[in-house]
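**Q** Here is a sequence with its predicted model. Questions after.
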Amino acid sequence: MNTIKECFDIILRGNEKDSRLAARQVRKLLYSSQGNREKFDTIKVIVNGAPDEYAKISEDWRQENFVMAVSVIYYLHDRESQPDFLFPWLFQLLQRQNGYIRHAAVKMISNEIGPLTVHIRFPGKRSFTREKLTPERADNLLHSLFISLNGLLTALWLPKYKRYKYINSLPASPYKSVQMVLAELEEYCGQKYIDQITGQ
């Protein structure tokens, strides 16, 4: 397992033990100081193809290993052409019962929120990771993200959640994971911006 591509081959085709080890090896390889980092093009191909590859996986443990490994390299995907193309897949992952998969999805969506909100937090500055993304396009994506997350909350809500005052005290569940993403979105955007997009 000397390259990230090799790790993903083992994650997708190896036995349960080897798949798990390969998923953990991705982080080590990515942050290795030994010069073993692969070209970003290879990593982009893996991330960009993740939803289709994930759809082919039938074993729960392999899905977990795959998603966790993708979450490590996710921030290196091609953001310029279509920054929201992975959102439908990430929303699907947020609804899984597997907490590791949900945690990875929360992490990946959170990676998107920072660059999408640069124009709100630092007016007049452009996001260095999204140079082609206009403030108008970012606003549209944030609005869509906000609506989608609230739609998921409505679909996932159960009466038992009414007794919990804080997100941290909610039981581990898809509902809590969506609440965590929404809270992060609201924190990055600020209440004034959230009020604007909700028409308050």
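**A** Noted; the coordinates are in hand.

**Q** alpha carbons only for contacts and neighbour counts from here, please
**A** Will do.

**Q** what mean pLDDT does the helix ranked longest in the chain have?
**A** Among the segments of the chain that qualify as a helix by DSSP state H, the longest is helix 135-156. Taken as a whole, helix 135-156 has an average pLDDT of 93.

**Q** List the residues that contact residue 89.
**A** residue 51 (C-alpha atoms under 8 Å, 6 or more residues apart in numbering).

**Q** Model confidence for it, exactly?
**A** Reading off the model, residue 89 has pLDDT 95.

**Q** picking up where we left off before, can I get the longest helix of the chain in CSV? Just the C-alpha atoms.
**A** C-alpha atoms of helix 135-156 as CSV (Å, rounded to 0.1, in the frame of the first residue of the first chain):
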residue,chain,number,x,y,z
PRO,A,135,-20.6,35.7,-4.6
GLU,A,136,-23.9,35.3,-6.4
ARG,A,137,-23.2,31.6,-7.2
ALA,A,138,-22.0,31.1,-3.6
ASP,A,139,-25.2,32.6,-2.3
ASN,A,140,-27.3,30.3,-4.5
LEU,A,141,-25.4,27.3,-3.3
LEU,A,142,-25.7,28.3,0.4
HIS,A,143,-29.4,29.0,-0.1
SER,A,144,-29.9,25.5,-1.7
LEU,A,145,-27.8,23.9,1.1
PHE,A,146,-29.9,25.6,3.8
ILE,A,147,-33.2,24.5,2.2
SER,A,148,-31.9,20.9,1.6
LEU,A,149,-30.7,20.6,5.2
ASN,A,150,-34.0,21.9,6.6
GLY,A,151,-35.9,19.5,4.4
LEU,A,152,-33.8,16.6,5.8
LEU,A,153,-34.5,17.8,9.3
THR,A,154,-38.2,17.7,8.6
ALA,A,155,-38.0,14.2,7.2
LEU,A,156,-35.8,12.9,10.0
